[in-house]
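*Asks:* can you look at this prediction? I've put the sequence above it.
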Amino acid sequence: MNTEDVLNEFRDAGALREGHFVLSSGLHSPVFLQKNLVFMDTRRCERLCKALADKIVATVGPVDVAISPAVGGIIPGYETARHLNVRSLYVEREGGEFKLRRGFTVEPGEKVVMVEDIVTTGLSSRECIAAIQKAGGEVVAAACIVDRSGGRADVAVPLIALATLDVPAYPADALPPELAALPVEDPGSRRLSK
Ligand SMILES: O=P(O)(O)OC[C@H]1O[C@H](OP(=O)(O)OP(=O)(O)O)[C@H](O)[C@@H]1O
Ligand SMILES: O=C(O)c1cc(=O)[nH]c(=O)[nH]1
Ligand SMILES: [Mg+2]
């Protein structure tokens, strides 16, 4: 499955949104990939995650466990783990910091693939990887359905992306006027209060 095939899945799901969005990183963008509309279709999710699992194995060989950052990473993480035939765990924010909770554990030296939905700056991926390493896992690769950084996001381990896009994103104080004129949406979970 190549980038165009992945984009078509997002288009068919109505998940390729245009407007004015504030992203998890605080950057603003005229495009938002509403991945939940993709993952809600179990067959679509299966097609994408099977392709990602195949690409992970082809790139780094077998792994022991897949771990994702909540909330967006949970469904693709689970489905990718199913095709890898490994455990599916997730980290979630406790006091703002990603942690393994709910009885999830990683054995020392276990090979972990960190599975994300979307990578923009790689910040959430780096935070998730740090939490896994703190718990004792060896992160052999990161994987995502879409890397929208044009391949520039650095997560300090190999990043295996099913699709790579180069989507503009701007700091809040450097918005193009046509973007600044639109009302802003904040669709992610990072700034949700408990
Ligand atoms: O590469 P980054 O700049 O970190 O951006 C990508 C992250 O943003 C979204 O998560 P978000 O924090 O919006 O919450 P969600 O997982 O609940 O959608 C997405 O799920 C990625 O985790
Ligand atoms: O950077 C983000 O927060 C982000 C971008 C995007 O296109 N989709 C998403 O779910 N999050
Ligand atoms: Mg997320």
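*Replies:* Nice, I can see it. Since the model is a prediction, treat every value here as computed from it, not as a measurement. Ligands and ions are numbered 1, 2, ... in the order given.
*Asks:* so what's whichever residue of the chain sits closest to ligand 1 closest to, chain neighbours aside?
*Replies:* Residue nearest to ligand 1 within the chain: Gly188 (2.0 Å; CB to the nearest ligand atom). Quick note: C-beta positions are derived from backbone N, CA and C, even for glycine. Closest residue in space to Gly188, ignoring its immediate chain neighbours: Ser24 at 4.6 Å, by CB to CB, 6 or more residues apart in numbering.
*Asks:* pretty sure Ile129 sits against Pro158.
*Replies:* No: Ile129 is beyond contact range of Pro158, at 11.6 Å (criterion: CB atoms under 8 Å).
*Asks:* more neighbours: which of the two?
*Replies:* More crowded of Ile129 and Pro158, by other CB atoms under 10 Å: Ile129, with 24 against 14.
*Asks:* give me the local confidence score for the more buried one.
*Replies:* Looking at Ile129, its pLDDT reads 98.
*Asks:* go on, Phe32?
*Replies:* 98.
*Asks:* report the contact partners of it.
*Replies:* Residues counted as contacts of Phe32 (CB atoms under 8 Å, 6 or more residues apart in numbering) are 17-19, 21, 23, 185, 187.
*Asks:* tell me how far the residue nearest to Gly188 lies from Ser125.
*Replies:* 11 Å (CB to CB, to the nearest Å).
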